[in-house]
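Asks: Sequence first, then the predicted structure, then my questions.
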Amino acid sequence: MPTAPYPEGNLSIWRGQDVLSFIDGLSTNHVLDLKKGEFRQTTFTTALAKVIDRVGLFHMGEFIAMLSHEPFWHDLSHHIMPRILGQDVNISLATSNNNFYTQYQAPGPEPGRFESNNGVTVARTQEGLNLLVAGKNVPVKTDATVEEFHQWRIETINPWPSFEITKENHAFACGLDADVHQSKGCYIGQELLTRMRTRGRTGKKLVVVSNDEEINGKITTKGLSKSLAIVRT
C-alpha cells in the first residue's frame, strides 16, 4: 500500500445550510444526498463544459471539507464566490494546517466513505486509491515518490489535476465520466455534457498508449514504457 506526498492539495471548509445545494447546482455530480461520513467526488465546469477542478467532498457532520487542487483554487474560487449571493454558504481555507497524500494499491474503507483516526482522514475514492488529509504535525510515513504514483496512474488509467484534468478538457475527455451524474438537476455545463453523452460523441477520450506509438492526440502523463494520452475519437 504505497503512500506518496500530494504537495498540491488544497483544503477548504464549507459551512451553512445551503452548502450541498450550492455545490450541486455548480458541479457535475449529485451531492444533495451526501451524509455524514461519506465522501464523493464532483467536477466544477464552465458553461462550455471545460473543467475548472475536480474536488472531493468529506461530509464531516457540522461542515463539508473540500479537497481540491491548489494551482486551480484561484480560478475555482473566482467561479464560486460571485454565485453565493444571499445563500447560507461560508468558505474558509485550512490548507496551511494540513498535509496531503495519495495511497494506491490500497485496501481501506469502501469507496464513498472515509475514516478519521489519530489526526489522519482517509477517503476511499475508488478501488485501489485513497486520499489522505493529515494535520500539519501528524507524521505520515511515505514510501513512494510522486513519480511512482503517476506511474501507477498510467497503468490504471487514472486522471489527475494539471495532467489530464485541465481547463483545456471537458469531463468526458479527461476520464471523469463517473463524476457526471446522468439524472440530476441543472448545473453549469450540463447542456453540452448531456448532448455529448446522448449523441455518443465526446470528441476525445483518455487512453493508455505505448511510448513508441503514434497517436492522434496529446500525451498527458509520460511513463517509463507507456503513457496516458487524450486522443481524438
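Replies: That came through fine. Numbering: from 1, shown residues only.
Asks: How many neighbouring residues does Asp53 have?
Replies: 25 (other CB atoms under 10 Å). (C-beta placed from N, C-alpha, C; glycine too.)
Asks: Helix or strand: which one has it?
Replies: In this structure, Asp53 sits in strand 51-59 according to DSSP states H and E.
Asks: Could you do Asn130 as well?
Replies: strand 128-135.
Asks: picking up where we left off before, note down every partner strand of the strand holding Asp53 and its orientation.
Replies: Applying DSSP bridges, strand 51-59 is found paired with strand 39-45 (antiparallel), strand 64-69 (antiparallel).
Asks: Please name the bridge partners of the residue minimising distance to the centre of the chain.
Replies: Nearest to the mean C-alpha position of the chain, by CA atoms, centre = their mean, lies Arg54 at 3.4 Å. Per DSSP bridges, the residues bridged to Arg54 are Thr43.
Asks: Who are the contact partners of it?
Replies: By CB atoms under 8 Å, 6 or more residues apart in numbering, Arg54 lies in contact with Gln41, Thr42, Thr43, Phe44, Ser68, His69, Pro159, Pro161, Ile165, Leu176, Asp179.
Asks: what's the angle between the strand holding Asp53 and strand 128-135?
Replies: 70 degrees (axes from the mean of the first three to the mean of the last three CA atoms, to 10 degrees).
Asks: from here on, count from 35
Replies: New numbering, starting at 35: the last item is strand 85-93.
Asks: Buried ones in strand 85-93, by neighbour count?
Replies: For strand 85-93, burial by neighbour count (16 or more other CB atoms under 10 Å) applies to Val85, Ile86, Asp87, Arg88, Val89, Gly90, Leu91, Phe92, His93.
Asks: between these, which is nearest Gly153?
Replies: Here the nearest of the buried residues of strand 85-93 to Gly153, counting by CB to CB, is Phe92; it sits at 14.4 Å.
Asks: Please look at the closest one and Ala157 and confirm they touch.
Replies: Yes - Phe92 lies in contact with Ala157 (CB atoms under 8 Å); the separation is 6.4 Å.
Asks: Phi, psi for the most far-flung residue of the chain relative to its centre please.
Replies: Going by CA atoms, centre = their mean, the residue of the chain most distant from its centre is Asp246, 29.7 Å out. When read as degrees, to the nearest 10, the backbone of Asp246 gives phi -100, psi 10.
Asks: Just give the number of residues close to Glu248.
Replies: By the criterion of other CB under 10 Å, Glu248 has 6 neighbours.
Asks: Next up, phi/psi of it, please.
Replies: According to degrees, to the nearest 10, Glu248 has phi -80, psi 130.
Asks: distance of it from Ser196?
Replies: Note on Glu248: its distance to Ser196, by CB to CB, to the nearest Å, is 25 Å.
Asks: Alright, I will stop here.
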